[in-house]
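Enquirer: Test case, fold it:
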Amino acid sequence: DVGGVARARAFAKKLSDAPLAIIDKRRSGHNVAEVMNLIGDVDGKVAVLVDDMIDTAGTITAGAQLLRDKGAKVVYACATHAVFSPPAIERLSSGVFEEVIVANTIELPVGSYFPQLTVLSVANLLGETIWRVHDESSVSNIYGAG
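Expert: Model prediction:
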């Protein structure tokens with residue numbers, strides 16, 4: 001998306017100005033993506049893929065495979081929302097990812113867990129936000145905007 005590169009640069013900056021690589025992809029239909037090109041060097045590096053959600057995991061798995069093919073030592077996937085529609089579990093647990101990290105914004109059904117999955121709780125973040133709204137305090141600095 002249009003803001004993706006800017007978000008990736010900001011994320012890399014937070015990681016001590018880590019090197020940045022961009023995956024150029026074209027979407028031919030809903031839940032269908034074709035990875036086209038890797039811009040940057042990942043050979044011998046640890047790669048981190050960040051997305052807002054993982055649905056069928058087709059895009060993120062294809063991206064991870066491209067990174068592995070281009071020499072990345074390991075690939076981590078991070079997403080806020082774990083929709084995990086079939087065949088996401090099979091793709092994510094196929095061995096291409098070192099770890100898949102998601103937030104618990106969506107309840108995962110029984111059978112959706114696999115060894116590489118780490119689920120982080122948003123409870124404290126939501127609780128602090130609710131408290132600050134109730135207290136008529138700023139919530140901007142919670143999210144890094146202030």
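
Enquirer: Now do the same for Tyr113: helix, strand or coil?
Expert: coil (DSSP: H, G, I helix; E, B strand; the rest coil).

Enquirer: again, but for Ala77
Expert: Secondary structure of Ala77, reduced to three states by three-state DSSP: strand.

Enquirer: and it, bridged to which residues?
Expert: With DSSP bridges applied, Ala77 shows beta-bridge pairing to Leu49, Val100.

Enquirer: residues in contact with it?
Expert: Leu49, Asp51, Ile54, Ile60, Ala64, Leu92, Phe97, Glu99, Val100, Ile101 (CB atoms under 8 Å, 6 or more residues apart in numbering). In this view, the C-beta of every residue, glycine as well, is placed from N, C-alpha and C.

Enquirer: Distance of it relative to Thr61?
Expert: Distance from Ala77 to Thr61, counting by CB to CB, to the nearest Å: 8 Å.
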